[in-house]
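K.L.:
Okay, predicted coordinates and the sequence, questions at the end:
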Amino acid sequence: MGRLMGLDYGSKTTGIALSDPTQLIASPYETVTREKEGKIRPTLRRIIELAVSQDVERIVLGYPLNMDDTRGERAEKTEEFKALLERRLEAEQLDIPVVLWDERLSTAGADEVLEESGIAAAERKQYIDKIAAAFILEDYMKNS
């Protein structure tokens, strides 16, 4: 059984979480930062590197639907990112499915955990995306 990878895709950062090999525990792993939203190649390259090195069998991509279940601009950007990632996986001859998973309130939950942990607001940004990715992955493992 391979690991699962959770992604929290944003305009300038992508949080990455990984499951343990038994797919029971989701852990924050890292945050990939971009200078500009359009400079996505290094992010895709890092995701592929991790997918290979960590024996990932499925990627769970947070899908930012609006609270009323409609798709907004961020959801559309996430769909575009999913298509780019799938093309890159195919080009690398990797058979790793990418699934969209409702991520509503994952960042709010991550921020709450950081606040409860006593992390100062100014320092939270370095942790929040990878923790949000872990929330997405954990929710997927519990409810899929």
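P.N.:
Good, I have the coordinates. Since the structure is predicted, the reported quantities are computational estimates derived from the model, not experimental observations. Numbering: from 1, shown residues only.

K.L.:
before we move on, which element is Leu84 in?
P.N.:
For Leu84, the host element (DSSP states H and E) is helix 73-91.

K.L.:
ugh, typo on my part, it should be Asp68
P.N.:
Assigned by DSSP H and E, Asp68 belongs to no helix or strand.

K.L.:
so what secondary structure elements neighbour the helix holding Leu84?
P.N.:
strand 3-9, helix 41-53, strand 56-63, strand 98-102 (3 or more C-beta pairs under 8 Å, 6 or more residues apart in numbering; DSSP states H and E). The C-beta positions use only the backbone N, C-alpha and C, and glycine is treated the same way.

K.L.:
buried ones in that helix?
P.N.:
Buried residues in helix 73-91, counted by 16 or more other C-beta atoms under 10 Å: Arg74, Ala75, Thr78, Phe81, Lys82, Leu85, Glu86, Arg88, Leu89.

K.L.:
tell me the angle of that helix relative to helix 41-53?
P.N.:
Here the directions of helix 73-91 and helix 41-53 differ by 60 degrees (axes from the mean of the first three to the mean of the last three C-alpha atoms, to 10 degrees).

K.L.:
Kindly provide the distance from Asp129 to Arg45.
P.N.:
To Arg45, Asp129 is 18 Å away according to C-beta to C-beta, to the nearest Å.

K.L.:
quick revisit: output the helices and strands packed on helix 73-91 as a markdown table; include the columns distance to Thr33, mean neighbour count and mean pLDDT.
P.N.:
Below are these laid out as a markdown table (distance: least, C-beta to C-beta, whole Å; neighbours: other C-beta atoms under 10 Å; pLDDT from 0 to 100):
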| stretch | distance to Thr33 | mean neighbour count | mean pLDDT |
| --- | --- | --- | --- |
| strand 3-9 | 12 | 27 | 97 |
| helix 41-53 | 9 | 16 | 97 |
| strand 56-63 | 17 | 22 | 97 |
| strand 98-102 | 21 | 15 | 96 |
